[in-house]
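Undergrad: okay, structure incoming, though there's no sequence with it:
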DNA sequence: CCTTCAATACCCCAAAGGCGGTATTTCCGG
DNA sequence: CCGGAAATACCGCCTTTGGGGTATTGAAGG
């Protein structure tokens, strides 16, 4: 069996160490190099002997300085045969999109267990495109937009969803965006805090969120305010 | 002393009543008409005898149907001499801007006490441009942008403020925008919830906010994420 | 006339958040 | 080498949220 050579670009040193140790347990995978920055990775990869050039590069997407996406673009130019697997904390639609355009073929979350990481490496090396379920859904939605619109994909597009909030609920939602609490909202709108709560509960239901933070995010993203 | 004739456009009936009663106590002010909608106000105002045409129109900015701003534009065409004072629950920069462009000369908040409202009416009638302190600041910042940029004012402009968040703090802020809690954030970033708390406290300080909701708002508005 | 729905109000309760501290380690710039 | 900024961690305190209910009223629509 061919050993899969892996490089790891990650600024978090403890995570780097954790992975260096954990990869020891998998005989078919060898961590040939780790780098703490995009810049370091690019210069380091150039100096590697051909026998050590990695098959797979695990790339942290959130790197200080040169971002993981920028590094991916550069790395792909240097080693077009290497497969890049993005490695990130959050499922950011825009970043996923950019990472895919930059040439990344896989997408892992940092809290995926090591077994999942290893499986993803193997799958990627075997020509697959491993990614977490929700990321897969996101990618599908990109394709859907592409085929439906029949136009250029250009940007992720904000999605024209309708939430059907009542006038009053919109007013309440505005309050949330403005940082109001139950109490202050109640005073401003001349209603009881209980009512404010009820409205906000209903808003959450309609927006499919469970916190103010997400409600504010959705409101701003979708231009509800 | 000349009596100031005031019309009030406000969809909230209890607020309308409250004002109708409270204006009774001020001899120099007469509430000549109240309307529950922009449409109603426009048709109602047209039918008023010349002696009853208001000097001041208090206009709720958040009206169902025709908005307060649209109504303001139309009312200004009908009665260019009338002064419009916007009346709103929130200090929305964009709406303030539009209201000013629509011809409004004053800006009140709904939770201002009646005395403040009356003072504002008098000041407006005397040729002033009363507005709350924070609104005044916003207006000034518009002017500042206009004079500094020396270009067309066009849109409020997102303001190029620098918050000087550290890399880590940005990461945490992203978490907030994604609706993470202390706990989930701690797990994803491999740190203690206490640390998450500390970081978030520092972020709040740097963004000058005191809640997740506002932090998310600032993050999205200023493109920090 | 009856149903539905928005808006209003209230209860309980567990979880999360915000604020005030203190403290250690690491790293960077002067 | 020292000072300061970041990042890390912990403690306690009190308030706010979010989720589960229930219920009344008035307006809109069938």
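TA: Ah, there it is. Model, not experiment: these values are computed from the prediction.
Undergrad: after the lowest-mean-pLDDT helix or strand in chain A, next one along is what?
TA: Every helix and strand of chain A was ranked by mean pLDDT, DSSP states H and E. The lowest is helix A:133-149, at a mean of 45. Next helix or strand after helix A:133-149 toward the C-terminus (DSSP states H and E): helix A:167-177.
Undergrad: who's in contact with the residue lying farthest from the centre of chain A?
TA: The C-alpha centroid of chain A is most remote from residue A:190, which lies 41.8 Å away (Cα atoms, centre = their mean). Listed by Cβ atoms under 8 Å, 6 or more residues apart in numbering or on different chains, the contact set of residue A:190 reads B:12, B:14, B:15. For the C-beta atoms, the positions are set from N, CA and C on the backbone; glycine is no exception.
Undergrad: can you tell me the helix or strand for the nearest residue to residue A:207 once chain neighbours are set aside?
TA: Leaving aside its sequence neighbours, residue A:207 sits nearest to residue A:218 (Cβ to Cβ, 6 or more residues apart in numbering or on different chains; 5.0 Å). Assigned by DSSP H and E, residue A:218 belongs to helix A:212-221.
Undergrad: which other helices and strands does that helix contact?
TA: Using 3 or more Cβ pairs under 8 Å, 6 or more residues apart in numbering or on different chains; DSSP states H and E, the elements in contact with helix A:212-221 are helix A:167-177, helix A:193-207, helix B:167-177, helix B:212-221.
Undergrad: angle of the longest one against helix A:212-221?
TA: Relative orientation of helix A:193-207 with respect to helix A:212-221: 60 degrees, computed using axes from the mean of the first three to the mean of the last three Cα atoms, to 10 degrees.
Undergrad: run the chain-centre distance for helix A:193-207.
TA: 30 Å (Cα atoms, centre = their mean, to the nearest Å).
Undergrad: which parts of chain A sit against DNA strand D?
TA: A:181, A:182, A:183, A:197, A:198, A:200, A:201, A:204, A:210, A:211, A:212, A:213 (Cβ under 7 Å from any atom of the strand).
Undergrad: only the buried subset of the residues you listed, as a PyMOL command please.
TA: Applied in PyMOL, the following selects the buried portion of the residues of chain A next to DNA strand D according to 16 or more other Cβ atoms under 10 Å in any protein chain shown:
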select buried, chain A and resi 181+182+200+204+211+212+213
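Undergrad: restrict the residues of chain A next to DNA strand D to those near DNA strand C?
TA: The residues of these that also fall near DNA strand C, by Cβ under 7 Å from any atom of the strand, are A:197, A:198, A:211.
Undergrad: what's the closest of these to residue B:42?
TA: residue A:198 (34.2 Å; Cβ to Cβ).
Undergrad: please report how far the closest one lies from residue A:218.
TA: Distance check for residue A:198 against residue A:218: by Cβ to Cβ, to the nearest Å, it reads 19 Å.
Undergrad: quick one: name the residues of chain A near DNA strand C.
TA: Within chain A, the positions lying close to DNA strand C (Cβ under 7 Å from any atom of the strand) are A:164, A:166-169, A:189, A:191-195, A:197-199, A:211.
Undergrad: farthest pair in the residues of chain A next to DNA strand D?
TA: A:183 and A:210 (20.8 Å).
Undergrad: let me see the contact set for residue A:28.
TA: Residue A:28 neighbours (Cβ under 8 Å, 6+ apart): A:1, A:2, A:3, A:4, A:122.
Undergrad: phi, psi for it please.
TA: Main-chain torsions, residue A:28, degrees, to the nearest 10: phi -90, psi 0.
Undergrad: ok, residue A:209 next?
TA: Dihedral angles for residue A:209 - degrees, to the nearest 10 - are phi -130, psi 170.
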